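>>> Pasted the sequence and its predicted model underneath.
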Amino acid sequence: MNAEVRELPLFPLNTVLFPGGPLPLRIFEPRYLDMVSRCMREQSGFAVVLLGEGEEVSSATSFAATGTEARIVDFDRLEGGLLGISCLGRERVRVVEAWREADGLNRGRVLDIAADPVVPVPIDLDWLKDVVARVLPEAGDAYKHVEMRDDIICTSALLDDPARRFFHLLFRRHRLLLECRSSTARHPPPGRTPAPPEAPW
């Protein structure tokens, strides 16, 4: 079956969102307020892509070709006219074409990347379950919409996202992890790293 190309708004950020992972955002720019309004009205998502080095969110022109579709699961009005939204990562996507609209919003045509098969936690990573169990309560409301399981590992927030975040790994490393083709490849033996990713836009 041929993969279907679809169109999504693109949200370049200085972070990497993994499938199943949470993403709280504070929205204030008109282009993103319009995007959020449209996504909520149409029950659709947007793709979170990692900014290129040295880029600013307000003027992003370079970003990674692999990202993750985010869906809005909650929102709140904040002080100062800000809009707070809570998102969850869905499937990974590959951006095959991108452009910028007149209002400055990035949009692109994307292909869905097949979800990883669910596999048991490798024995050598079993200790991560205890780490995640200890740190998640300290994460506050950010993870209240995330399904908590300790018996599997794929691209979910459970091990790929919170544990890596709390270990302060670099965003480039996160991007490499996102582009790996399997969950086990994200945890290579000591001394080995995933293959380099494709060049950003």
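In hand now; what should we look at?
>>> ranges for the helices of the protein?
Residue ranges of the helices in the chain, as given by DSSP state H, are 30-42, 127-135, 162-166, 171-179.
>>> which one of the ones you listed has the lowest average pLDDT?
Of all those, the minimum mean pLDDT falls on helix 162-166 (a mean of 43).
>>> Val135 versus Gly89, what's the distance?
With distances taken as CB to CB, to the nearest Å, Gly89 is found 18 Å from Val135. The C-beta positions use only the backbone N, C-alpha and C, and glycine is treated the same way.
>>> Just want to know which of the two has more residues nearby.
Gly89 (27 against 15; other CB atoms under 10 Å).
>>> Burial check on the residue nearest to Arg6 when sequence neighbours are not counted, number of neighbours?
Leaving out its chain neighbours, the residue that sits closest to Arg6 by CB to CB, 6 or more residues apart in numbering is Val110, at 6.2 Å. Residues near Val110, counting by other CB under 10 Å, number 27.
>>> Glu29 too?
Neighbour count for Glu29, taken as other CB under 10 Å: 13.
>>> And Asp141, by the same measure?
Residues within reach of Asp141, counting by other CB under 10 Å, total 10.
>>> Pairing partners for the residue nearest to Arg6 in the sheet, please.
Arg6, Val95 (DSSP bridges).
>>> And the strands in the chain?
5-13, 22-27, 46-51, 63-77, 83-100, 106-112, 119-120, 152-153 (DSSP state E).
>>> so what does the second one touch, helix or strand wise?
It stands for strand 22-27. strand 83-100 (3 or more CB pairs under 8 Å, 6 or more residues apart in numbering; DSSP states H and E).
>>> For the strand it packs on, buried residues please.
Within strand 83-100, the residues scored as buried using 16 or more other CB atoms under 10 Å are Leu83, Ile85, Ser86, Cys87, Leu88, Gly89, Arg90, Arg92, Val93, Arg94, Val95, Ala98.
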